[in-house]
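Student: using only what follows, build the 3D model:
(3 chains)
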Amino acid sequence: MKAPRFAYARPASVAEALALLDKHKDDARVLAGGQSLVPMLNFRVAAPKVLVDISRIAGLAGIKVTKTHVRIGALTRHVEIERSADIAKHLPLVAAAMPHVAHPAIRNRGTFGGSCALADPAAELPACALALGATFVVAGKKGERRIAAADFFKGLYATALKASELLVAAEFPLPKPGYASAFGELARRHGDYAMVGLAVHGSTQGGQFSDLRVAFFGVGDRPLLAAHFARALEGRTATAKTIEGALPKLDADLAPRADLYSSAATKLHLAKVLAGRVLKQLIS
Amino acid sequence: MSEFDETTKTLNFDSPNSYVGRSVTRPNARRLAQGRGQYVDDIVLPRMVHVAYVRSPHAHAKIVDIKTKKAAAMPAR
Amino acid sequence: MNTLLETVEITLTVNGERVKRSVPARLNLADFLRNELELTGTHVGCEHGVCGACTVRVDGEIVRGCLMFAVQADGCEVDTIEGLSDSREIEELQSAFVLTNALQCGFCTPGVLMAAQALLRDEPNPSRERIREYLSGNYCRCTGYQAIVDAIEAVARARAGRSR
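Tutor: Numbers count the residues shown, from 1 in each chain, chains lettered A, B, ... in the order given. Predicted coordinates:
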């Protein structure tokens, strides 16, 4: 189907964009890469009266490494992150996730900020942000505020972003020494939405698991940290046996609902299988 | 298919069984690979009409009236 | 541009030619190319980005024509299958596709060729598995993909053979 009619604006600055969002409130939606928004318009599940195209605003794209963190601008295209040597070096978890994000043609347009602001429950980047303890930088009329990833994802397509706010960047703390990460995703075909996925970051120093952040996606209405599972592994020796022993704890962490492809029981089962594989990757 | 016989140096036009055992490329393949196919949506004819389906918003209902005044008032092009 | 417009004037380059048009904001790039510019080689399949039939190149990178509005292509360089064909950029790939019979109805083919060219530009020596992975965003209902992979692999080999 074709997109419905809308009025198009292309602000040149964050201030202009915020003014437009503030003026039109729920009638307006932000257009960045459009790889999730445009399908919604084409399906007519969204019909915003105003599209605010922020893609030409300078200063919102780019990857910057500082002494303490990696800052990813909201307008950074997925392909830039995928090809970035800085990301491969400092945020290997994100680098591992990128090839799973849709398809090359989609990654050439889709943006980091768009993915996080939409918060699709099957998206890879929100789970990575959660696993790595990233902080989202949000611009509003009153200035900038920072929101921790753990507080950002509120529910199905719901984030802590207010209607007149704009996500401008995310800051990922540089991994500490002794920390490793691993990523895994199960999809029917490469590039499909995940049936279940997992982003893990934690310490394996001294052959022991510690400070594990195990972020599942595709099994709830938002990315979820498997706290019981992580606690069961805390301080234990980092072996395949320990991992397998802890898998039943996922029953307490995950309560997936059935979807188009699998029943709830199947999803839970797949989550455990994937957790086993990914955690073993972490220690190999 | 025509062929030139190297040994006898003769031309065979449409010799029998000349397709057997050979790989034959499709005559339209090159054109299609250039994006020059003519699929239904590619065809444009003068004064061609377009159709848009208006579907019932109700699962089970009786059509009492179809209002066409607004649609008829729209410009043709 | 802070004003709200339902119709927008855009200037862009399509297959090396400068184009200036006034377009509805809601018109997507694929429909713009097909209907405004009569470049019907780009095809519309699913209209939500998964089938790949609408794949075109914008500023050197492949994108989904159905997921971009024409207004977003303002100031951009767009290449379609017609341009890549006429410039002979993908001549080898096209010949390979014909010889290996990598197309039947041909509907997916322009998109597949655009993707194949993008892959070989970035990875001159992809494995068969990598080719398959890269093409998972292009749906083909006719061929079963085997001949497509054969064709792309053969072209990669031929190019590698020449550059020694």
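Student: residue contacts, the residue in chain C that chain A sits nearest to?
Tutor: With CB to the nearest CB, the shortest gap between chain C and chain A falls at C:Gly137, namely 2.9 Å. In short, each C-beta sits where N, CA and C put it, glycine included. Shown here is C:Gly137, whose contacts under the criterion CB atoms under 8 Å, 6 or more residues apart in numbering or on different chains are A:Ala102, A:His103, A:Pro104, A:Ala105, A:Ile106, A:Gly191, C:Val50, C:Gly52, C:Ala115.
Student: quickly note the distance from the closest residue to C:Arg128 other than its chain neighbours to chain B.
Tutor: Sequence neighbours aside, C:Val149 is the residue nearest to C:Arg128 in space, at 5.4 Å (criterion: CB to CB, 6 or more residues apart in numbering or on different chains). Taking CB to the nearest CB, to the nearest Å as the measure, C:Val149 falls 16 Å from chain B.
Student: how many residues are close by residue 32?
Tutor: Assuming you mean chain A. A:Ala32 has 28 neighbours, counted by other CB atoms under 10 Å in any protein chain shown.
Student: that's the wrong chain, I meant chain C
Tutor: Neighbours of C:Phe32 (other CB under 10 Å): 26.
Student: and it, that's in a helix?
Tutor: Yes: under the criterion used here (DSSP: H, G, I helix; E, B strand; the rest coil), C:Phe32 sits inside a helix.
Student: test my guess that it contacts C:Ala25.
Tutor: No: under the criterion of CB atoms under 8 Å, C:Phe32 lies out of contact with C:Ala25, with a separation of 11.3 Å.
Student: show the buried residues in the contacts of C:Gly137.
Tutor: Neighbour-count burial within the contacts of C:Gly137 applies to A:Ala102, A:His103, A:Pro104, A:Ala105, A:Ile106, A:Gly191, C:Val50, C:Gly52, C:Ala115; the criterion is 16 or more other CB atoms under 10 Å in any protein chain shown.
Student: would CSV of those with secondary structure, pLDDT and distance to A:Met1 be doable?
Tutor: As requested, the buried ones among the contacts of C:Gly137 are arranged in CSV below (DSSP: H, G, I helix; E, B strand; the rest coil; pLDDT from 0 to 100; distance: CB to CB, whole Å):
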residue, secondary structure, pLDDT, distance to A:Met1
A:Ala102, coil, 94, 21
A:His103, coil, 95, 21
A:Pro104, helix, 97, 25
A:Ala105, helix, 97, 20
A:Ile106, helix, 97, 19
A:Gly191, coil, 86, 23
C:Val50, coil, 94, 15
C:Gly52, coil, 98, 18
C:Ala115, helix, 98, 25
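Student: work out for me the element C:Asn125 sits within.
Tutor: Assigned by DSSP states H and E, C:Asn125 belongs to neither a helix nor a strand.
Student: next up, the contacts around C:Leu93.
Tutor: When the contact criterion is CB under 8 Å, 6+ apart, the partners of C:Leu93 are C:Leu113, C:Ala116, C:Gln117, C:Leu120, C:Ala151, C:Ile152, C:Val155.
Student: contact partners of the helix or strand encompassing the last one?
Tutor: Think C:Val155. Under the assignment given by DSSP H and E, the secondary-structure element containing C:Val155 is helix C:146-162. Helix C:146-162 is touched from outside by C:92-93, C:96-97, C:99-103, C:112, C:116, C:119-120, C:124-126, C:128, C:131-132, C:135, C:140, with contacts defined as CB under 8 Å, 6+ apart.
Student: quick one, phi/psi of A:Arg189?
Tutor: When quoted as degrees, to the nearest 10, the phi and psi of A:Arg189 stand at phi -130, psi 150.
Student: need phi/psi at the closest residue to A:Ala240 other than its chain neighbours.
Tutor: Distances taken as CB to CB, 6+ apart put A:Lys280 closest to A:Ala240, at 5.5 Å, once the chain neighbours are dropped. With angles defined as degrees, to the nearest 10, A:Lys280 sits at phi -70, psi -40.
Student: wait, A:Lys280 touches A:Glu244, no?
Tutor: No: between A:Lys280 and A:Glu244 there is no contact, the gap being 9.1 Å when judged by CB under 8 Å.
Student: and the helices in chain B, which stretches?
Tutor: Taking DSSP state H to define them, one finds helices in chain B at B:29-33, B:69-73.
Student: let me have those in TSV, extended by mean pLDDT.
Tutor: Putting those into TSV (pLDDT from 0 to 100) gives the following:
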stretch	mean pLDDT
helix B:29-33	97
helix B:69-73	91
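Student: which one of those helices lies nearest to chain C?
Tutor: Distances from chain C to each of those were compared using CB to the nearest CB; the shortest belongs to helix B:29-33, at 3.0 Å.
Student: need the contact list for whichever residue of chain C sits closest to chain B.
Tutor: Closest approach between chain C and chain B, counting by CB to the nearest CB: C:Gly41, at 2.3 Å. By CB under 8 Å, 6+ apart, the contact list for C:Gly41 reads B:Gln34, B:Gly35, B:Arg36, B:Gly37, C:Thr80, C:Ile81, C:Glu82, C:Ser85, C:Pro110.
Student: what strands line up against the helix or strand where A:Ala139 lies, and which way round?
Tutor: Under DSSP H and E, the secondary-structure element containing A:Ala139 is strand A:135-140. Applying DSSP bridges, strand A:135-140 is found paired with strand A:143-148 (antiparallel), strand A:166-173 (antiparallel).
Student: out of the ones you listed, nearest to A:Leu270?
Tutor: With CB to CB as the measure, strand A:166-173 is the member of the strands paired with strand A:135-140 nearest A:Leu270 (27.6 Å).
Student: could you give me the average pLDDT of that closest one?
Tutor: In this model, strand A:166-173 carries a mean pLDDT of 98.
Student: give me the neighbour count for A:Val168.
Tutor: 21.
Student: what about it, distance to A:Ala97?
Tutor: Between A:Val168 and A:Ala97 the distance, using CB to CB, to the nearest Å, works out to 21 Å.
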